[in-house]
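Student: Sequence first, predicted model second:
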Amino acid sequence: MAGQIRVVKGSTPIAWGEIPQDADDPRPPAYETIEHRSADGRFAVGFWKRDPEEGAMELTEFHEVMFILEGEIEITSEDGTVNRVGPGDMVIAPQDSRGTWKALSPVKKVWAIYRETT
């Protein structure tokens, strides 16, 4: 059976769910909603948001593409390159990318991930 095309309108309210985190994690909670996940679980897309925070950015399990809807972020790569991104920018982070994520203001993004293996 073929897949069904689905449109998520910008005016549609997002059903945010809090992402579990360790009790001793000092960062503010993050929220997301998964809009689609493939049957094999290797591809997913959704929305994510969080108040300003800073931490490691280690994509060890999947590739991620992010489209920033709101907020300003500084992403520092392992080699020391600093990229400042904001609304309308796309971040492409291949699996095994490492760096530091510093949200300078509340951030909202659309994300898509792909896992090479399940």
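Tutor: Looks like it arrived, so ask away. Residues are numbered from 1 along each chain as shown.

Student: Show me which residues of the helix or strand of the chain with the lowest mean pLDDT are buried.
Tutor: Using mean pLDDT, DSSP states H and E, the weakest-scoring helix or strand in the chain turns out to be strand 54-59, at a mean of 93. Going by neighbour count (16 or more other CB atoms under 10 Å), the buried part of strand 54-59 is residue 57. C-beta: built from backbone N, CA, C; applies to glycine.

Student: One more: stretch 66-79?
Tutor: For stretch 66-79, using 16+ other CB under 10 Å, the buried residues are 66, 68, 69, 71, 72, 73, 75.

Student: just to revisit the earlier point, what distance separates the least confident helix or strand of the chain from the middle of the whole chain?
Tutor: In terms of CA atoms, centre = their mean, to the nearest Å, the centre of strand 54-59 is set 11 Å apart from its chain centre.

Student: check contacts around residue 85.
Tutor: Shown in contact with residue 85 (CB atoms under 8 Å, 6 or more residues apart in numbering): 68, 72, 73, 74, 75, 91.

Student: The residue nearest to residue 77 when sequence neighbours are not counted: neighbouring residues, count only.
Tutor: Distance criterion CB to CB, 6 or more residues apart in numbering; nearest residue to residue 77, sequence neighbours excluded, is residue 99 at 4.6 Å. Burial measure for residue 99: 20 neighbouring residues, criterion other CB atoms under 10 Å.

Student: From residue 14, how far off is residue 99?
Tutor: Look at residue 99 and residue 14: by CB to CB, to the nearest Å, they are 27 Å apart.

Student: With residue 62 instead?
Tutor: Distance, residue 62 to residue 14, using CB to CB: 22 Å.

Student: Many thanks, have a good one.
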